[in-house]
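Colleague: could you look at this predicted model? Sequence included:
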Amino acid sequence: MGSSALLTAVVVGAFLWIAAIHAGTEDDGRLLCTCENEKGTCINATCRGDICFYTWVQGYEEKGCFSADSYREQCLTSFKRFFVHCCRENYCNALTTPPPNINGEPTTTPPEFPRPTLWISLVLLLSIVTASVCGLVLFLRFQRAPCKRRNVEDHDSTKLKVTNGDDPSYGGIFDEFCTSGSGTGLPYLVQRTMARQISLVECVGKGRYGEVWRGTWMGESVAVKIFSSRDEQSWFRETEIYNTVQLRHDNILGFIASDMTSKNSSTQLWLVTHFHELGSLYDFLQYSSLEPESCLRMCLSVVCGLVHLHTEIVSSQEKPAIAHRDLKSRNILVKRNGQCCIADLGLAVIHSQSHDYLDVGNNPRVGTKRYMAPEVLDETICMDVFESYKQTDIWALGLVFWEITRRTIVNGIVEEYRPPFFDLVPSDPSFEEMKKVVCVDQQRPSLHNRLHSHPILSATARIMKECWYQKPQARLTALRVRKTLSKLDHDSDFSIEKLKQDV
Ligand code: ADE
């Protein structure tokens, strides 16, 4: 009697559910939705689908349509920095905006349903829960006796499966993702789900580190760095930092997800980030020359990223200080707006004065020899002092500025792209070759005369020289470099404004 009533409730509920899905749709059974995205699916800012959606993923908004079978996968997710709103009425996504607490705060806003659907969902849910409880009671009643007889072998194999799936060497790091408050990215399972929905499209970079691919997720380009197995420590470090440190900044490469999979007994390590189609600063400088104002914009953006890394924040949004340790033009990406962002935190060290720790990690990798500071090359660096690492970043920052200024046109003159010390060491220089040039001979990259005839470039040249002092403590800080460049930027804005007024 009870079970037939339950069955009726389930059947009626399912019928009403289907009816509700079709309510409010156009003649062809599909909704009209507001469409604002770059997937190429919008016609006159409209699309047709079974569900209208609005997503806010790390500051990027999109509106469009999903098919009904994407509902579970796409709509039932609302996390920190990831807000999805799905609805089932014509143009119901037109005016949606993220809830006020989305910026860095976890949101609990559930996707909104039209009222009848919500009501039917509740009936269905109640039916399913009741049926499950009944089923469980019956199941336990009949299973209890055989369970008792389960032998030791079975028990052991169950245990074995659990330990295999929960590899001890990874357990610690994943536990850290879940620590409340400090974790900043998506929950680990969501990262994994997202990573597995990515289609790899084209390989855009290859090196000792592994490969970088352009992939797509929900029609959006993402960058997927696939780490070579010998560089797994870099994946661990970068994953750890992105998931535990508040690193959202315009000039730090935006993190999306990290994923580890096993394929044919080998481990694949993925880091999914924002995709920047202009590629690395190194690539960009090969084929582009710059005006002094663009050079300033680029240099300023790099140092803004570095200041954010180097600065410890001691507030509710606290952040330890981070030194990069492998800053170079290949680890900087160029954005469409002419600014840059810093990538590759695989070698970074973390320091907190307020919590009194210095975490240098345990990566056997070292920085790029060409960019190594004198104290790294002659091994006099104080490895237990955090300031030392920041000072090596400043050395490298000066070299990056030098690469950018070479490609800057002044008085119609521009130099070809060359890597730092191109005229003093061979390609892929050895540690000893670099040490001879930088420490013994104390050579520095040469600065072209044309730089002295432009206010932006002469100031940048002065900064470079002060980034290259032999004595690490004498070098500028990132904050000082930012201040000087910001002032130049402000002054050049001012003179452009004045020029406009004069015209
Ligand atoms: N090369 C390395 N990382 C990249 C990224 N995030 N976007 C584009 N090209 C890249």
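Modeller: Happy to help now that I have it.
Colleague: and this structure, which residues reach the ligand?
Modeller: Counting by Cβ under 6 Å from any ligand atom, the chain comes close to the ligand at 204-205, 212, 223, 253, 273-276, 279-280, 333, 343. (C-beta placed from N, C-alpha, C; glycine too.)
Colleague: among the residues you listed, name the ones in strands.
Modeller: Counted as lying in strands by DSSP state E, out of these, are Val204, Gly205, Val212, Ala223, Thr273, His274, Leu333.
Colleague: now, the most widely separated pair of those?
Modeller: The largest separation in these, counting by Cβ to Cβ, is between Gly205 and His274 at 14.8 Å.
Colleague: what ranges do the helices span in the stretch 301-450 of the chain?
Modeller: 374-377, 386-406, 431-435 (DSSP state H, counting those that start in this stretch).
Colleague: for the ligand, what is the nearest residue in the chain?
Modeller: Distances between the chain and the ligand by Cβ to the nearest ligand atom are smallest at Ala223, namely 3.1 Å.
Colleague: tell me the contacts of that residue?
Modeller: Under the criterion of Cβ atoms under 8 Å, 6 or more residues apart in numbering, the neighbours of Ala223 are Val204, Val212, Trp213, Arg214, Gly215, Val272, Thr273, His274, Phe275, His276.
Colleague: any quick ChimeraX command for the buried ones out of those?
Modeller: Of these, the buried ones can be selected in ChimeraX as follows, counting by 16 or more other Cβ atoms under 10 Å:
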select :204,212,213,214,215,272,273,274,275,276
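Colleague: dump the contacts of Ala223 to TSV, plus pLDDT.
Modeller: As requested, these are exported to TSV (pLDDT from 0 to 100):
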residue	pLDDT
Val204	96
Val212	98
Trp213	97
Arg214	97
Gly215	97
Val272	97
Thr273	97
His274	97
Phe275	97
His276	97
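Colleague: from Leu309, how far out is the closest residue to Leu278 other than its chain neighbours?
Modeller: Using Cβ to Cβ, 6 or more residues apart in numbering and skipping the chain neighbours, the partner closest in space to Leu278 is Val334 (4.0 Å). In this view, Val334 and Leu309 are 18 Å apart by Cβ to Cβ, to the nearest Å.
Colleague: in contact with the closest residue to Leu290 other than its chain neighbours, which residues?
Modeller: Nearest residue to Leu290, sequence neighbours excluded (Cβ to Cβ, 6+ apart): Thr408, at 4.7 Å. Shown in contact with Thr408 (Cβ under 8 Å, 6+ apart): Ser289, Leu290, Glu291, Pro292, Ser294, Cys295, Val414, Leu457.
Colleague: buried ones among those residues?
Modeller: Buried members of the contacts of Thr408, scored by 16+ other Cβ under 10 Å, are Leu290, Pro292, Ser294, Cys295, Val414, Leu457.
Colleague: tell me which element Lys465 falls in.
Modeller: In this structure, Lys465 is located in helix 455-467 according to DSSP states H and E.
Colleague: so where do the strands sit in the stretch 351-500 of the chain?
Modeller: 357-359 (DSSP state E, counting those that start in this stretch).
Colleague: before we move on, the earlier item: the contacts of Thr408 in helices, which ones?
Modeller: Taking DSSP state H, the ones among the contacts of Thr408 that sit in helices are Pro292, Ser294, Cys295, Leu457.
Colleague: can I get the residues you listed in a markdown table with pLDDT and distance to Met194?
Modeller: Listed next are these as a markdown table, based on pLDDT from 0 to 100; distance: Cβ to Cβ, whole Å:
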| residue | pLDDT | distance to Met194 |
| --- | --- | --- |
| Pro292 | 96 | 41 |
| Ser294 | 96 | 34 |
| Cys295 | 97 | 37 |
| Leu457 | 98 | 43 |
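Colleague: from the residues you listed, which is closest to Val84?
Modeller: Closest to Val84 out of the ones in helices among the contacts of Thr408 is Ser294 (37.2 Å), distances taken as Cβ to Cβ.
Colleague: residue ranges with poor pLDDT in this structure?
Modeller: The model of the chain has pLDDT under 70 over residues 1-27, 38-40, 56-60, 69-83, 100-184, 493-503.
Colleague: Tyr54 falls within a strand, correct?
Modeller: Yes - counting by DSSP: H, G, I helix; E, B strand; the rest coil, Tyr54 is located in a strand.
Colleague: quick one: contacts of stretch 300-310?
Modeller: The contact list for stretch 300-310, computed with Cβ under 8 Å, 6+ apart, reads 247, 249-252, 281, 321-324, 327, 332, 338-342, 348, 390, 393, 397, 400-401, 477-479, 481-482, 485-486, 489.
Colleague: give the PyMOL command for selecting the buried subset of the residues you listed.
Modeller: Selection of buried members from these for PyMOL, criterion 16+ other Cβ under 10 Å:
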select buried, resi 247+249+251+252+281+321+322+323+324+327+332+339+340+341+342+348+390+393+397+400+401+478+481+482+485+489
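Colleague: any chance of the contacts of Ala223 in a markdown table, plus distance to Ile381?
Modeller: A markdown table is the format used below for these (distance: Cβ to Cβ, whole Å):
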| residue | distance to Ile381 |
| --- | --- |
| Val204 | 34 |
| Val212 | 30 |
| Trp213 | 35 |
| Arg214 | 37 |
| Gly215 | 38 |
| Val272 | 33 |
| Thr273 | 29 |
| His274 | 33 |
| Phe275 | 35 |
| His276 | 32 |
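Colleague: ok, of the contacts of Ala223, which one's closest to Pro98?
Modeller: His274 (18.2 Å).
Colleague: for that closest one, which non-adjacent residue is closest in space?
Modeller: In space, His274 is closest to Gly254, 3.9 Å off (Cβ to Cβ, 6+ apart).
Colleague: flag every buried residue along the one helix or strand Thr193 maps to.
Modeller: If you go by DSSP H and E, Thr193 is part of helix 188-196. With burial defined by 16+ other Cβ under 10 Å, the residues of helix 188-196 counted as buried are Tyr188, Gln191, Arg192, Met194, Ala195.
Colleague: try stretch 441-452
Modeller: For stretch 441-452, the neighbour count (16+ other Cβ under 10 Å) marks Arg444, Pro445, Leu447, Arg450, Leu451 as buried.
Colleague: same check on stretch 420-431?
Modeller: Neighbour-count burial for stretch 420-431 [16+ other Cβ under 10 Å]: Pro420, Phe421, Leu424, Val425, Pro429.
Colleague: gap between that stretch and the chain center?
Modeller: Between the centre of stretch 420-431 and the centre of its chain there are 32 Å (Cα atoms, centre = their mean, to the nearest Å).
Colleague: can I get it as CSV, trimmed to CA atoms?
Modeller: The C-alpha trace of stretch 420-431 is given here as CSV (Å, rounded to 0.1, in the frame of the first residue of the first chain):
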residue,chain,number,x,y,z
PRO,A,420,70.5,39.2,-21.8
PHE,A,421,74.3,38.6,-22.1
PHE,A,422,73.9,37.4,-25.7
ASP,A,423,77.2,39.0,-26.6
LEU,A,424,79.1,37.6,-23.7
VAL,A,425,78.0,33.9,-23.3
PRO,A,426,76.9,31.2,-25.8
SER,A,427,73.4,29.9,-26.0
ASP,A,428,72.5,27.7,-23.1
PRO,A,429,75.4,29.0,-21.0
SER,A,430,76.9,26.9,-18.3
PHE,A,431,76.9,28.0,-14.6
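Colleague: returning to what we had before: tell me the one among the ones in strands among the residues of the chain next to the ligand nearest to Glu62.
Modeller: Lowest distance from Glu62 to these (Cβ to Cβ) belongs to His274, with 14.5 Å.
Colleague: list the contacts for Asp359?
Modeller: Neighbouring residues of Asp359 by Cβ under 8 Å, 6+ apart: Val349, Ile350, His351.
Colleague: one more pass at 7 Å, please.
Modeller: When contacts are counted by Cβ atoms under 7 Å, 6 or more residues apart in numbering, Asp359 touches Val349, Ile350.
Colleague: alright, I will stop here.
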